[in-house]
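Novice: what would the 3D arrangement of this be:
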Amino acid sequence: MQTLTPVIALTGLPCSGKTTISIELEKQLVKQGSQVRRLDGDVVRSTVCKDLGFSKADRRTNIERLSYIAKMFSENNVIVIMAFVSPYEDIRRNSRKIIGESYVEVFVDTPLDECKKRDVKGMYKLAQEGHMQGFTGVDDPYEIPLNPDLVVHTADVLAPENSRQIIDFLAQYGRL
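Specialist: Modelled structure (predicted):
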């Protein structure tokens, strides 16, 4: 039986810890000898998807593009870590459909108040003051995943431990 090369899709509110976990997870997987590519929402938005805004249609296009890129890497035995807010269930479901059996959805479950405390860019404050429209968690919803493959908590668990939980999950289900 051939092991599927995973595409790990970290989803959660802005400032929930997705990027921090993805960086730590990448380090741990590389240390184990894996080839890894990390796709981060902020980086992708300033490059591959800089033509897109934050409407639901643009968010769908953003995740579709990245899902196809992730699938290509995975098909070439490169583990992909996607760290995106990806706030809508139907868009995440479509990503799973595009990527197929390699898709592993990890919900980074962090309370909204904790995300606001971590917000070094001040985005939540700007959105609450009306200076940003369509900001997830303020005036645009975040739909909690209905059936994530794994849930990690960042309010009381640090990134190295969350990364270890993800690696253990992947190993347990024959993904590594």
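Novice: return the distance of the worst-scoring helix or strand of the chain on mean pLDDT from the chain's centre.
Specialist: Across the helices and strands of the chain, mean confidence by mean pLDDT, DSSP states H and E is lowest for helix 41-45: a mean of 78. Per Cα atoms, centre = their mean, to the nearest Å, the displacement of helix 41-45 from the mean C-alpha position of its chain is 11 Å.
Novice: can I get whichever helix or strand comes after it in CSV, CA atoms only?
Specialist: Next helix or strand after helix 41-45 toward the C-terminus (DSSP states H and E): helix 56-75. Extracted C-alpha coordinates of helix 56-75, given in CSV (Å, rounded to 0.1, in the frame of the first residue of the first chain):
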residue,chain,number,x,y,z
LYS,A,56,-16.6,35.0,-0.6
ALA,A,57,-16.0,34.5,-4.4
ASP,A,58,-12.4,35.8,-4.1
ARG,A,59,-11.8,33.6,-1.0
ARG,A,60,-13.1,30.6,-3.0
THR,A,61,-10.8,31.4,-5.9
ASN,A,62,-7.9,31.9,-3.5
ILE,A,63,-8.4,28.5,-1.9
GLU,A,64,-9.1,26.7,-5.2
ARG,A,65,-5.8,28.0,-6.7
LEU,A,66,-3.8,26.9,-3.7
SER,A,67,-5.6,23.5,-3.5
TYR,A,68,-4.4,22.8,-7.1
ILE,A,69,-0.9,23.9,-6.2
ALA,A,70,-0.9,21.8,-3.0
LYS,A,71,-2.2,18.8,-5.0
MET,A,72,0.6,19.0,-7.5
PHE,A,73,3.2,19.1,-4.7
SER,A,74,1.6,16.2,-2.9
GLU,A,75,1.5,14.1,-6.1
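Novice: list the buried residues in helix 56-75.
Specialist: For helix 56-75, a neighbour-count test (16 or more other Cβ atoms under 10 Å) marks 59, 60, 61, 62, 63, 66, 67, 69, 70, 71, 73, 74 as buried. Every residue, glycine included, has its C-beta placed from N, CA and C.
Novice: ok, stretch 118-127 next?
Specialist: Buried residues in stretch 118-127, defined by neighbour count with 16+ other Cβ under 10 Å: 118, 119, 123, 124, 127.
Novice: same thing with stretch 19-39?
Specialist: By neighbour count on 16+ other Cβ under 10 Å, the buried set for stretch 19-39 is 19-26, 28-29, 34, 36-39.
Novice: ranges for the strands of the chain?
Specialist: 7-11, 36-40, 79-83, 103-109, 150-153 (DSSP state E).
Novice: dump those to TSV, plus mean pLDDT and distance to residue 172.
Specialist: Formatted as TSV, the strands of the chain follow (pLDDT from 0 to 100; distance: least, Cβ to Cβ, whole Å):
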stretch	mean pLDDT	distance to residue 172
strand 7-11	98	14
strand 36-40	94	19
strand 79-83	97	16
strand 103-109	97	12
strand 150-153	97	10
